[in-house]
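Peer 1: I'll drop the sequence and a predicted model, then ask my questions.
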Amino acid sequence: MELQLAILLFALSASITPGPNNIMIMASGVNFGVNRSLPHLLGICFGFPVMLIMVGLGLSTIFVEYPSLHEVIKVLGLIYLLYLARKIAFSAPASLEGSVSKPFSFSQAAFFQWVNPKAWVMAISAISAFTSPSSGVYIEVLVISLIFFLVTFPCVGAWLFFGVGLKRFLRSQNYLRLFNASMASLLVVSVLPVIVGLIKTYTA
């Protein structure tokens, strides 16, 4: 019971704090509303636990064997995140201009977890901290994934509804553009530690 409580507290703190998922779902709430953002929300809530299971059931050992593979995924993820930040910053508010921009689909949000640096940190930290090779590691991985699945809905959902709530204060096209630019900047800031880490690794 103590282990489950520790996992729950870790999942809550990791899921509610700002990161690429939460920043993007809040921006989606502002620009597209709840209904159109639901596939994005569900993709996060299902995609991350699936990632946890795959990491916990052996993918992490592949990265230990081939660390360069993880570095490649990390770099590709950063490039994609920077592309998304640019897209958010310069996107026209859909509700005001009839923009053809679309919110993330379920599959896009689910696959996004694999290029999300914070998701990797959360997954590897949870698996390494709360599993033990000497006990039932498979059951432990499933328990961790289930707890994250249950916690992610209210935590990420809160960011979505916060974005929807902000929409009433962002009726002006200029305010919406400023908001999108701010969210894009936060998205870049959220991955700065990863960028700095990569620079140190390859310039040391």
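Peer 2: Ah, there it is.
Peer 1: which secondary element of the protein has the worst mean pLDDT?
Peer 2: Taking mean pLDDT, DSSP states H and E as the measure, the helices and strands of the chain show their lowest mean at helix 94-97, namely a mean of 43.
Peer 1: Show me what secondary structure element comes after that one.
Peer 2: Once the chain leaves helix 94-97, the next helix or strand it forms, by DSSP states H and E, is helix 106-112.
Peer 1: packing partners for that following helix?
Peer 2: Applying 3 or more Cβ pairs under 8 Å, 6 or more residues apart in numbering; DSSP states H and E, one finds that helix 106-112 contacts helix 20-54. Every residue, glycine included, has its C-beta placed from N, CA and C.
Peer 1: who does the helix it packs on touch, helix- and strand-wise?
Peer 2: With contacts defined as 3+ Cβ pairs under 8 Å, 6+ apart, the packing partners of helix 20-54 are helix 67-89, helix 94-97, helix 106-112, helix 117-130, helix 137-167, helix 173-190.
Peer 1: In PDB, could you pull the C-alpha coordinates for the fourth one?
Peer 2: Once side chains and other backbone atoms are set aside, the C-alpha atoms of helix 117-130 remain, and they are given as PDB (Å, rounded to 0.1, in the frame of the first residue of the first chain):
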ATOM      1  CA  PRO A 117      11.300  14.500 -23.500                       C
ATOM      2  CA  LYS A 118       9.300  14.900 -20.300                       C
ATOM      3  CA  ALA A 119       7.400  11.700 -21.000                       C
ATOM      4  CA  TRP A 120      10.700   9.900 -21.300                       C
ATOM      5  CA  VAL A 121      12.000  11.300 -18.000                       C
ATOM      6  CA  MET A 122       8.700  10.400 -16.300                       C
ATOM      7  CA  ALA A 123       8.600   6.900 -17.700                       C
ATOM      8  CA  ILE A 124      12.300   6.000 -17.000                       C
ATOM      9  CA  SER A 125      12.100   7.600 -13.500                       C
ATOM     10  CA  ALA A 126       8.900   5.700 -12.600                       C
ATOM     11  CA  ILE A 127      10.200   2.400 -13.800                       C
ATOM     12  CA  SER A 128      13.600   2.700 -12.200                       C
ATOM     13  CA  ALA A 129      12.200   4.000  -8.900                       C
ATOM     14  CA  PHE A 130       9.200   1.700  -8.300                       C
END
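Peer 1: quick one: Lys167 from Ser145, how far?
Peer 2: Lys167 sits 33 Å away from Ser145 when distances are taken as Cβ to Cβ, to the nearest Å.
Peer 1: And the two? Which one has more around it.
Peer 2: The residue with more neighbours, out of Lys167 and Ser145, is Ser145; 24 against 17, by other Cβ atoms under 10 Å.
Peer 1: Show me the one of the helices and strands packed on helix 20-54 that comes nearest Met51.
Peer 2: Ranking these by distance to Met51, with Cβ to Cβ as the measure, places helix 117-130 first at 5.8 Å.
Peer 1: residues touching Leu78, list them.
Peer 2: When the contact criterion is Cβ atoms under 8 Å, 6 or more residues apart in numbering, the partners of Leu78 are 117, 191, 194-195, 198.
Peer 1: Rebuild those as JSON lines, extending it with pLDDT.
Peer 2: As requested, these are exported to JSON lines (pLDDT from 0 to 100):
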{"residue": "Pro117", "pLDDT": "83"}
{"residue": "Val191", "pLDDT": "71"}
{"residue": "Val194", "pLDDT": "70"}
{"residue": "Ile195", "pLDDT": "77"}
{"residue": "Leu198", "pLDDT": "74"}
